[in-house]
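Student: 3D model of this:
(2 chains)
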Amino acid sequence: MLTAVLSGFVAALVLPRVMHVLPRLQNLLWIAVPLGLCAWFATKIPAVARGEVLRESVAWVPSLGVNLDFVIDGLSLLFALMITGIGSLVFIYTSAYMKGHRELDKFYAYLSMFMASMLGLVLADGLMLMFVFWELTSISSFFLIGFKNSEEASRKSALTALAVTGVGGMGLLAAAVIAKSAMGTDSLEALSASGEILREGPLSGLLIALVFLAAFTKSAQFPFHFWLPGAMKAPTPVSTYLHSATMVKAGIFLLLRFSPGLNGAPLWNDALMIVGGFTMAYAAVTALFKTDMKSILAYTTISALGVLTFLIGIGTSAALTAALVFILVHATYKATLFLVTGIVDHETGTRDVTALRGLRKVMMPVAAAAVIAALSSAGLPLSFGFIGKDLIYESTLEFWGNGALNLGLVLTAVALITNVFLLHAGFVVGIRPFSGKMPDRFSDLHLPSPLMWVPPLILAVLCLLFGLVPALLESGIVHPSLAALGFEAEPALKLWHGFNTVLLLSGVTLALGTAVYFAVRPSEKLEAALDRWAHISPETVFRKGSHLFRLFSRKWTLFFQNGYLRYYVLMILIVLTGLIGSRMSGAIDLNVNILTLLNLSAYEIAIAILLIIGITVTVFTGSRLTAVLGMGVVGYSICLFFVFYSAPDLAMTQFTIDTLTVILFVLVLYRLPRYLKLSDMRSRARDWVIASVFGFMLTLIALAAVEEGTNRETSEYYADNAYLLAKGKNIVNVILVDFRGTDTMVEIVVLGVAAVGVFSLLKLRLKKPDVK
Amino acid sequence: MHLLLAIFTGILYAAGIYMILRRSLVKLIIGLVLLGNGVNLLIFLMGSLVKGGPPIIPEASKVIEGPFDDPIPQALILTAIVISFGLQSFAIILLKRTYQVVKTDDLDEINTTDEFA
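Tutor: Below is the predicted model:
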């Protein structure tokens, strides 16, 4: 399994590099990747149908408990087959659609990277691992959406998609951390087995909210749906693959994975039903107002995702069966319609449904695929969509007569409205462009390469085949998936249920939808009507929000990164004082006797006074020369302290160095500008307060440290062995040149570097242009 | 006299920081020197502050006897003094060059690289 997941990444890395060697084989090699994977996953169907769960585990970061745990059960197999199956068709389609494109290998590489991330996502068992792949899908889809990177709109959509799905990814990461710390594991299998902890554990509410955030952003639920129509800026194969069949289903997959554990928690079911129900109705109705084929399809995709969320929210065995079947129904017909849209766009140069008519005359096979897909999306009997729609109504009708509001009625009504408008949208995209009278300007069009029209036709045939013989899917795919969700499988996929309420509802849907199709013509007027609401749409809110955020971060940056050294130092000091001060207050118990100051000898007092004078002069003088001399006095006073407290070496060094510094300063001084007081009273007072507080704090720290006492073990060792081992009598010198000789050598190197710096700065002669 | 030295450490820190917070480049360097002295005193405080007991083994003996000042802080300070001299001399020369090029030592006038022409 690891190999299967990695192969896509490896292909994305290696194939573009070897392309120029084998230019003829380029397409073939790329197509072989998903095709091979699809075949490999297909061989797992029998084992999974028997109820086996295949696992593979490779150690990755064992210290953090993060391993590459992959699992194939019914649900992951369903998704894996969908990803690789539709992936194969999309790769084939791409070979013709993007033919001759300059950056074809790049496009394939992104697609392949995306496919591999998606596979990893559905096969991962741990939430942490899932998060990694989740982010990888966001990133690879960012490249794909923004593939036409010379267009501003593309770049914007790509960024929006990345921002929205990226936020969701953070949610998933947080959920993984919570699961790991509060529930002890991030394995999805273990989590769903311990449903009670998940539902009633300490952080369960937060966990559910985070899972929602991740799923709703990825699966484009209201109010996060707006990135999906924007993502239609991508080349059509991308829209087909990512934004109808795979990536947007990742959120649904996450919800399905959590459903065995969380189903029954009130927050879970209610929230999903409300969000899903609203999204599906809202998006289906919005599709009515659109005229761009891709936009219409984008909104129907959002609506379909709403349906899936809604069904997971209902959470009964029937509803989850419906969800699983509908995932496949939607993937087949939506991919077909997108591929068809791509062909129409490619050949006619427009996707405007108000302009496209009668294309069946020039591209019959395409028209056939489109009509079959539209019928499947409408849920006409004999199509796969019919089975899906039946199951949806069945699951909502289970609640008939439940509660004061009659929940079943509400749910069914929402589902009915959604289905009516979905049917309309399907007809507008799948039937309208091909029916009626063809405008003359399309008459010299011709059928594109079979590489383009065969993939949608294959999908359309599948729409019919699964509809006629649903048993094909039942035991191999749907039942094991249902088992993975914790339900006993019951034979439910039937083409004909007899005359009952469900059939009646299907009939009503068909009749109403067809009526709407004939009554409402897509037009620019309708689209303009919708635009009047644009100022309160979530997209506008998001844009304004991100604009405000940018303003805020600009202000923030300008405030802290202001370019004034002293404000940086000031900020560091304030924070440091606050941190240390808050830690110290109360924690230090000082035992200081002020009266010891009275026992100072006369020379100590003399030095102290000298030091104070030196410091005062240095800080307050108006003359630079005086300041430097004051600095020298300070150095000499400290030198005297060293003499009195038994540090002759220090005294000598300090004396020499201080003298040298003063001389150097004085030598340089005469070329310097006037010594001015540049700051005003207020900032000087402020700096005094901060500097004094910090100095006072340091005195306290010093006293506390002295009271703590020092460990003299090392010193004793050096003192005892200075002569015995190193034959030296001055212990400080022995430490420097013998015990720690290497350190001293490095120190000399540092001084050497400084000397080279000084020398070259002195010798440097800047020419005029360099100065500028 | 721990208390005395601790107080002077604080004063040197305060004075050094105050000078660093000025706008003049010269004051900044003077501030660094003062701060460096403060640090040296702080390290010195960690020794035992013995009067008349330098860490030197007497002529006649092979090991040190009686109370003696801790040699390790002294070794550290010695290193620190020398290194800070390297830093200071480099800073002073840099200051000189800076003034030659931009004709000011006001930090507020040289806080961007692209304004002077």
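Student: next one: stretch A:323-338 to chain centre, how far?
Tutor: Relative to the chain's own centre, stretch A:323-338 is displaced by 26 Å; criterion: Cα atoms, centre = their mean, to the nearest Å.
Student: residue contacts, residue 73?
Tutor: In the absence of a named chain, chain A is used. Counting by Cβ atoms under 8 Å, 6 or more residues apart in numbering or on different chains, A:D73 makes contact with A:V48, A:V53, A:L54, A:P480, A:S481, A:A483, A:A484. All C-beta atoms are positioned from the backbone trio N, CA, C, and that covers glycine.
Student: not quite, I wanted chain B
Tutor: Contact analysis of B:P73 by Cβ under 8 Å, 6+ apart lists B:I43, B:F44, B:M46, B:G47.
Student: and for the third one, the neighbour number?
Tutor: The one in question is B:M46. 18 (other Cβ atoms under 10 Å in any protein chain shown).
Student: quick one: pLDDT of it?
Tutor: Per-residue pLDDT puts B:M46 at 85.
Student: helix or strand: which one has A:K156?
Tutor: Applying DSSP states H and E as the criterion places A:K156 in helix A:152-183.
Student: that's a strand at A:W60, yeah?
Tutor: Yes - counting by DSSP: H, G, I helix; E, B strand; the rest coil, A:W60 is part of a strand.
Student: now the strands for chain A?
Tutor: Applying DSSP state E to chain A gives strands spanning A:54-61, A:66-72.
Student: A:L203 is nearest to which of those?
Tutor: Nearest of these to A:L203, taken as Cβ to Cβ: strand A:66-72 at 19.9 Å.
Student: alpha carbons only: can I get the closest one in CSV?
Tutor: Extracted C-alpha coordinates of strand A:66-72, given in CSV (Å, rounded to 0.1, in the frame of the first residue of the first chain):
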residue,chain,number,x,y,z
VAL,A,66,3.2,8.6,14.2
ASN,A,67,3.5,5.7,11.8
LEU,A,68,2.6,5.0,8.2
ASP,A,69,-0.4,2.9,9.0
PHE,A,70,-2.5,2.2,6.0
VAL,A,71,-5.7,0.2,5.9
ILE,A,72,-7.9,-1.1,3.1
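Student: from the stretch 651-772 of chain A, which residue is nearest to chain B?
Tutor: A:G695 (2.9 Å; Cβ to the nearest Cβ).
Student: hmm, back to that, looking at the strands of chain A, which is buried most?
Tutor: strand A:66-72 (a mean of 21; mean count of other Cβ atoms under 10 Å in any protein chain shown).
Student: how many neighbouring residues does residue 30 have?
Tutor: Since no chain was named, I'll use chain A. Count around A:W30 with other Cβ under 10 Å applied: 26.
Student: that's the other chain; I wanted chain B
Tutor: Per other Cβ under 10 Å, the neighbour tally for B:I30 reads 26.
Student: how far away is it from A:G695?
Tutor: According to Cβ to Cβ, to the nearest Å, B:I30 stands 16 Å off from A:G695.
Student: which residues does A:D658 contact?
Tutor: A:D658 neighbours (Cβ under 8 Å, 6+ apart): A:G632, A:G635, A:Y636, A:C639.
Student: the first one: what's its closest spatial neighbour, skipping adjacent residues?
Tutor: Sequence neighbours aside, A:V662 is the residue nearest to A:G632 in space, at 4.3 Å (criterion: Cβ to Cβ, 6 or more residues apart in numbering or on different chains).
Student: can you count the residues close to the closest residue to A:L565 other than its chain neighbours?
Tutor: What sits nearest to A:L565 in space, not counting adjacent residues and going by Cβ to Cβ, 6+ apart, is B:L107, at 5.6 Å. Residues within reach of B:L107, counting by other Cβ under 10 Å, total 18.
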